[in-house]
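Asks: sequence and predicted structure, then a few things I'm wondering about:
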Amino acid sequence: MLELATDALTVALTAAGLVFFLAGTVGLIRFPDTFSRLHALTKADNLGLGFIVLGLALQAESWHAVFKLGLIWALALVAAGTAAQLVARTALRADEGGRPTRQAEGRE
Amino acid sequence: MSGTVFDIVLCALILGAALAAVSGRDPFAAVVFFVVYGVFIATAWLRLDAVNVALAEAAIGAGLTGVLLLGAVGRLARLRETAPPARAAGPRLLAALAAGGTTLLLGWVFLTLPEPAGLHAEVGANLAAAGSENAVTAVLLNFRAWDTLLESIVLLAALIGIWALSPDAAWGGRPGMTQRTRAGGVLAQFGRVLPPIGLMVGVYLVWAGTKQPGGAFQGGTVLAAVALLAMMAGRIAPPRVSAPGLRLALILGPAVFLAVGLAALAAGRFLWLPPEHAYALILGIEAALTVSIAATLALMVIGPPQEAP
Amino acid sequence: MTGWFLAAATLLLLTLAGALWRVWTGPGRADRMMAAQLVGTGGVAVVLLLAAATDWAMIDVALVLALLAAFAAVAFVKAETPEGRGDPEDDDA
């Protein structure tokens, strides 16, 4: 009984993850410009990966594997955040043919 | 059943990415397709149950070739500003013929060879005496140690070849370019957060390599990638090519490997590992090889010294 | 469960085909690079699903892919700066 419930939860969570990945891809294809596409992709995908990690953690064979799953998600989050920020700045510079304005750059 | 569907979709993606990489006119798009292709290929190795190879492909493809090729595209673009490229049809045709011929040859060999029985049975029977529960590590460091020893020396020779391209005035200096980053910026922070985790993952892969997939090459590649990141983020500068410590790190792996082999020769046979000490010896060789592989791969990607010391 | 994991991994691969289309059409370099980033994250998820379906030892491949996921993007922004060694955050200073 408990196993059945865990399995059902895993299927539900991984399916939710798939939906977010699909949303990210649709955004990547449909959104009109570079910056909205960046926005679609880095958020949706990491949520998708998070759901899949959660779903799989319920099936993991050991705590060791659960720890690795968590580390993988954390690393993917850091990587996506960094990549999005850096690529967006590069695109901004390419767009404006040189230096971005202070305002557009949005420094804290 | 669903495994077959997965494999068909994966093969289609691999072929699509590969064709796009070789047929596109924009070198940048070609490199991005090649990076993507690496992710699919790593997945394909998993489907073939070759987790060791998948690990190596993931580390090389995602960590090193992407950095190397994207750097090359940027450099090419800067070079073209001064000298437009010559468009000669001859060499391109020759390259296409050579690649096409190799593909046909490989296809012919694949289709005509008899189904091999494989060496699973022999490796399995001798695994107990090999000092490693990971069959791939046992083969690489014990049964076919010759290959691995020579490969580690080939890697070193390749680096010497790259260094030979440095201008006389720059010899002895730091390889590559001095990197700049904004202090406290996103890139600098990333270069601060990731290396400790990467160090842990790299060492873990070497350590785990005696029992499960992993090993010196996979761990060393991860360490090389992490060192490159720390350099690109301006956290560390590459050591001078004349630094004694660097030279030591480069030859440590092949030297330890050779020393173990020669000690075995004194006991009877070159590169023979006595079963009772095999585990410790393999771990020692792997550790030394990791240091050398990491240093060699990172320096190969950085390239020769370019600025006067 | 194995059947579901493989089916989910197949569906994920199909969404990655959409990212390949974006790498092909661009138009900007940033678009292509971000599509590759999507394939990286998606690839991590595919490997995790395969690990759950077949062998948990495969999880280390996902770990390596996730660790190195941003490397191509970092190399890209470096190469795009004027001398190939700057920082997109700093070149205007």
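Replies: On my side now, so go ahead. Numbering: from 1, shown residues only, chains lettered A, B, ... in the order given.
Asks: the nearest residue to B:Val301 once chain neighbours are set aside: neighbouring residues, count only.
Replies: Once flanking residues are discounted, B:Val301 sits nearest to B:Leu68: 4.9 Å by CB to CB, 6 or more residues apart in numbering or on different chains. Backbone N, C-alpha and C define where each C-beta goes, glycine included. B:Leu68 has 18 neighbours, counted by other CB atoms under 10 Å in any protein chain shown.
Asks: A:Gly55 touches A:Thr6, doesn't it?
Replies: No: using CB atoms under 8 Å, A:Gly55 is not in contact with A:Thr6, being 9.9 Å away.
Asks: more neighbours, those two?
Replies: The neighbour comparison of A:Gly55 against A:Thr6 (other CB under 10 Å) goes to A:Gly55, with 27 against 14.
Asks: any idea how far the residue nearest to that one when sequence neighbours are not counted is from C:Leu38?
Replies: Spatial nearest neighbour of A:Gly55, excluding adjacent residues (CB to CB, 6+ apart): A:Leu13 at 3.3 Å. To C:Leu38, A:Leu13 is 21 Å away according to CB to CB, to the nearest Å.
Asks: which of the three states applies to the residue nearest in space to the middle of chain C?
Replies: Nearest to the geometric centre of chain C sits C:Gly40, at 1.5 Å (CA atoms, centre = their mean). Following DSSP: H, G, I helix; E, B strand; the rest coil, C:Gly40 is assigned to helix.
Asks: what's the answer for B:Val109, then?
Replies: helix.
Asks: picking that back up, quick one: list the elements packing against the helix or strand hosting the residue nearest to B:Val301.
Replies: Assignment of secondary structure by DSSP states H and E places B:Leu68 within helix B:66-82. For helix B:66-82, the packing partners by 3 or more CB pairs under 8 Å, 6 or more residues apart in numbering or on different chains; DSSP states H and E come out as helix B:27-47, helix B:216-232, helix B:278-302, helix C:71-80.
Asks: ok now the longest one, how far from the chain's centre?
Replies: I take that to be helix B:278-302. 11 Å (CA atoms, centre = their mean, to the nearest Å).
Asks: center of the chain - which residue?
Replies: Defaulting to chain A. Most central in chain A under CA atoms, centre = their mean is A:Asn46, positioned 1.8 Å from the mean C-alpha point.
Asks: meant chain B, my bad for not saying
Replies: B:Ile60 (4.9 Å).
Asks: not counting sequence-adjacent ones, nearest residue to it?
Replies: B:Thr221 (5.7 Å).
Asks: just give me the neighbour total for the one you found.
Replies: B:Thr221, neighbours per other CB under 10 Å, totals 29.
Asks: do A:Gln85 as well
Replies: A:Gln85, neighbours per other CB under 10 Å, totals 22.
Asks: thinking it is in contact with B:Val186, fair?
Replies: Yes: assessed by CB under 8 Å, A:Gln85 is found in contact with B:Val186 at 4.6 Å.
Asks: list residues touching both of these two?
Replies: Counting by CB atoms under 8 Å, 6 or more residues apart in numbering or on different chains, no residue touches both A:Gln85 and B:Val186.
Asks: wait, is B:Pro274 part of a strand?
Replies: No: judged by three-state DSSP, B:Pro274 forms no part of a strand; its state is coil.
Asks: next, the angle from the worst-scoring helix or strand of chain C on mean pLDDT to helix B:216-232.
Replies: Sorting the helices and strands of chain C by mean pLDDT, DSSP states H and E puts helix C:71-80 at the bottom, at a mean of 83. For helix C:71-80 against helix B:216-232, the angle by axes from the mean of the first three to the mean of the last three CA atoms, to 10 degrees is 40 degrees.
Asks: tell me what angle helix C:71-80 forms with helix B:278-302.
Replies: Here helix C:71-80 runs at an angle of 30 degrees relative to helix B:278-302 (the same axes, to 10 degrees).
Asks: gap between helix C:71-80 and the chain center?
Replies: 14 Å.
Asks: contact partners of it?
Replies: Around helix C:71-80, the neighbours that count as contacts under CB under 8 Å, 6+ apart are A:79, A:82-83, A:86-87, A:89-90, A:93-94, B:32, B:35, B:62-63, B:66-67, B:70-71, B:73-75, B:179, B:187, B:190, B:225, B:228-229, B:232-233, C:29, C:33, C:36-37, C:40, C:84-88.
Asks: work out the gap between the helix holding B:Leu68 and the centre of the chain.
Replies: For helix B:66-82, the separation from the chain centroid amounts to 21 Å (computed by CA atoms, centre = their mean).
Asks: buried sites along it?
Replies: By neighbour count with 16 or more other CB atoms under 10 Å in any protein chain shown, helix B:66-82 contains the buried residues B:Gly66, B:Val67, B:Leu68, B:Leu69, B:Leu70, B:Gly71, B:Val73, B:Gly74.
Asks: next: stretch C:1-8.
Replies: C:Trp4, C:Phe5, C:Leu6, C:Ala7, C:Ala8.
Asks: go on, stretch C:5-20?
Replies: By neighbour count on 16+ other CB under 10 Å, the buried set for stretch C:5-20 is C:5-13, C:15-16, C:18-20.
Asks: next: stretch B:113-127.
Replies: Quick answer for stretch B:113-127 (16+ other CB under 10 Å): B:Val123, B:Leu127.
Asks: measure it end to end?
Replies: 28 Å (CA to CA, to the nearest Å).
Asks: now swap in stretch B:262-280 and tell me
Replies: Using CA to CA, the end-to-end distance of stretch B:262-280 comes out at 17 Å.
Asks: which stretches in chain A count as helices?
Replies: A:2-30, A:34-57, A:63-95, A:102-105 (DSSP state H).
Asks: if you compare those, which one is most tucked away?
Replies: Using mean count of other CB atoms under 10 Å in any protein chain shown, the stretch among those with the largest mean neighbour count is helix A:34-57, at a mean of 22.
Asks: and the angle for that helix with helix A:63-95?
Replies: Computed with the same axes, to 10 degrees, the direction of helix A:34-57 lies at 180 degrees from that of helix A:63-95.
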